[in-house]
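A.B. asks: This is a predicted model, with the sequence first.
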Amino acid sequence: MRPSFALHVPDADLRPEPLDPGQIVSGTPEVTGKVVWESADGRQVRGIWQITPGVVTDTEADELFVVVSGSATVEVEGGPTLRVGPGDMAVLRAGDRTTWTVHETLRKVYAISL
């Protein structure tokens, strides 16, 4: 088990993560991230995720996230449109089909349940 820890999120080093070209609607968004904790069974994941401006689609897992910097509009198919920026918390549900319009490079911390 990893001991308790603290991490300064705005300065955390992130690594490139693949983005399926089929998810890109417009622009040239790039994704980086870092998993900071994962349960032994892999069903709980905590981390930092960042995306540069553009428009992408996704199918979500159960997720709670807090935006650290940047802004985006997240359209949930058949549901609400979420406008998120620094300090905002959002919850997405497993199976939500979303379209993310990233206005400014967005960095968030997240907790995902698989």
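C.D. replies: Arrived safely, thanks for sending.
A.B. asks: C-alpha only now, for contacts and for neighbours.
C.D. replies: OK.
A.B. asks: residues contacting the spatially most central residue of the chain?
C.D. replies: Nearest residue to the geometric centre of the chain (C-alpha atoms, centre = their mean): Trp49, 4.9 Å. Contacts were defined as C-alpha atoms under 8 Å, 6 or more residues apart in numbering; by that measure Trp49 touches 14, 31-34, 107-110.
A.B. asks: nearest spatial neighbour of Pro16, skipping sequence neighbours?
C.D. replies: Among residues not flanking Pro16 along the chain, Thr32 sits closest, at 4.2 Å (C-alpha to C-alpha, 6 or more residues apart in numbering).
A.B. asks: Surely the one you found and Leu19 touch.
C.D. replies: No. If you go by C-alpha atoms under 8 Å, Thr32 and Leu19 don't touch, sitting 9.5 Å apart.
A.B. asks: got any ranges where the protein has weak pLDDT?
C.D. replies: Applying pLDDT under 70 to the chain picks out residues 1.
A.B. asks: returning to that earlier point: the residue nearest to Pro16 in helix, strand or coil?
C.D. replies: Assigned by DSSP: H, G, I helix; E, B strand; the rest coil, the conformation of Thr32 is strand.
A.B. asks: could you dump stretch 44-64 to CSV, C-alpha only?
C.D. replies: What follows is stretch 44-64, C-alpha atoms only, in CSV (Å, rounded to 0.1, in the frame of the first residue of the first chain):
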residue,chain,number,x,y,z
GLN,A,44,-10.5,2.8,-8.2
VAL,A,45,-8.2,5.2,-9.9
ARG,A,46,-7.0,8.7,-8.7
GLY,A,47,-5.0,11.0,-10.9
ILE,A,48,-4.4,14.2,-12.8
TRP,A,49,-5.5,14.7,-16.4
GLN,A,50,-4.9,17.5,-18.9
ILE,A,51,-6.1,18.3,-22.4
THR,A,52,-5.2,21.1,-24.8
PRO,A,53,-7.9,23.1,-26.7
GLY,A,54,-10.0,21.2,-29.2
VAL,A,55,-13.2,19.2,-29.4
VAL,A,56,-13.3,15.5,-28.5
THR,A,57,-15.8,12.8,-27.7
ASP,A,58,-15.7,10.2,-25.0
THR,A,59,-17.7,7.5,-23.2
GLU,A,60,-17.3,8.1,-19.5
ALA,A,61,-16.7,5.9,-16.4
ASP,A,62,-18.1,6.9,-13.0
GLU,A,63,-16.0,10.0,-12.2
LEU,A,64,-15.8,12.9,-9.9
